[in-house]
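what follows is a predicted structure for the sequence shown.
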Amino acid sequence: MYPDYNNPQQTPPPYYGQSAVKTQTNSVMKRVYVRMTIGLLVSAFCALGVASNPAALNFVFGNVIMRWGIPIAMFAMAFILPVRLMKMSSGTVLTLFLVFSALMGTWLSAIFLVYKMSAIVATFFITAGTFGAMTVYGYFTKADLTKMGSFLMMALFGLIIAMLVNIFLHSSTMSFIISIAGVLIFTGLTAWDTQQVKQLSAANLDPALADKLATMGAMNLYLDFINLFLYILRLFGGNRD
């Protein structure tokens with residue numbers, strides 16, 4: 001039974017003014033970007049650490065259990081975190097995100113064997129510039145990006161299917177098209193995810209929930225950045241040969 005707020009004997013819900021909403025939103029968004037940056041740093045250090053150690057590389061990629069276990073673990077964590085979010089503490093959510101970042105960095109260490117360091121560094125700065133521009137757009141735009149986000153999610157599923165098909169076709173042309181599509185999709189998703197996090201942070205004023213939201217928002221934008229980086233690297237990185 002819903003309360004009747006027209007009844008003067010009932011206590012109305014608390015009112016949060018625009019100032020409180022703005023303060024809440026700014027607080028959450030700051031935590032989102034700080035945690036995303038920390039996640040990227042964790043991934044970078046893990047990737048460099050593994051890539052510079054032949055024994056570690058052999059342990060990760062020469063071991064069948066590790067080679068399959070790491071991506072399966074990341075997939076499981078990416079699925080479980082949103083589903084179990086309300087039942088986890090803020091500290092647990094943040095810890096799992098950092099573990100996820102470490103696993104991602106370990107897995108990405110292989111790029112140092114395929115691409116030159118100069119190409120990786122250049123791609124990072126290109127990605128950072130593109131990501132920065134799109135997240136600023138997503139934060140400040142007055143346009144509703146909901147429809148665009150729905151379209152991009154459908155396109156993402158199509159992209160995944162195309163990648164699976166190309167595993168068997170080994171088509172360089174399809175690989176090139178997939179890379180371009182990946183750049184476009186994750187460029188758009190960066191703006192959409194930013195707007196989604198901003199809107200949710202304005203709607204949830206409970207401190208514990210807001211902190212969890214900051215971590216999940218950081219994880220979504222972290223994944224946008226990583227995927228955008230990898231697709232740009234595939235397009236312009238060349239290889240060591």
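It's in.

what residue ranges in this structure score low on pLDDT?
By pLDDT under 70, the weakly predicted segments of the chain are 1-18, 204-205, 240-241.

which helix is the longest one in it?
helix 18-51 (DSSP state H).

residues of it that come out buried?
By 16 or more other C-beta atoms under 10 Å, the buried positions in helix 18-51 come out as 24-25, 28-29, 31-33, 35-36, 38-40, 42-43, 46-47, 50-51. (C-beta placed from N, C-alpha, C; glycine too.)

name the helices or strands packed onto the helix or strand Ala218 falls within?
Secondary structure from DSSP states H and E places Ala218 in helix 207-236. Using 3 or more C-beta pairs under 8 Å, 6 or more residues apart in numbering; DSSP states H and E, the elements in contact with helix 207-236 are helix 18-51, helix 64-84, helix 90-108, helix 117-140, helix 172-203.

next, the angle from that helix to helix 18-51.
Counting by axes from the mean of the first three to the mean of the last three C-alpha atoms, to 10 degrees, helix 207-236 lies at 50 degrees to helix 18-51.

in helix 207-236, what counts as buried?
Buried residues in helix 207-236, counted by 16+ other C-beta under 10 Å: 209-235.

what's the answer for stretch 101-115, then?
Buried, per 16+ other C-beta under 10 Å, within stretch 101-115: 101-109, 111-112, 115.

centre of the chain to it, how far?
Distance of stretch 101-115 from its chain centroid, counting by C-alpha atoms, centre = their mean, to the nearest Å, is 16 Å.

okay, the angle between the helix or strand encompassing Val165 and helix 207-236?
Assigned by DSSP H and E, Val165 falls within helix 146-169. Counting by the same axes, to 10 degrees, helix 146-169 points 50 degrees away from the direction of helix 207-236.

and helix 146-169, what other elements does it pack with?
Helix 146-169 packs on helix 172-203, going by 3+ C-beta pairs under 8 Å, 6+ apart.

which strands and helices sit next to the longest helix of the chain?
Using 3+ C-beta pairs under 8 Å, 6+ apart: helix 18-51 touches helix 54-61, helix 90-108, helix 111-114, helix 172-203, helix 207-236.

to Met153, which of those helices lies closest?
Comparing the helices and strands packed on helix 18-51 by their distance to Met153 (C-beta to C-beta), the top pick is helix 172-203, with 8.0 Å.

thanks a lot, catch you later.
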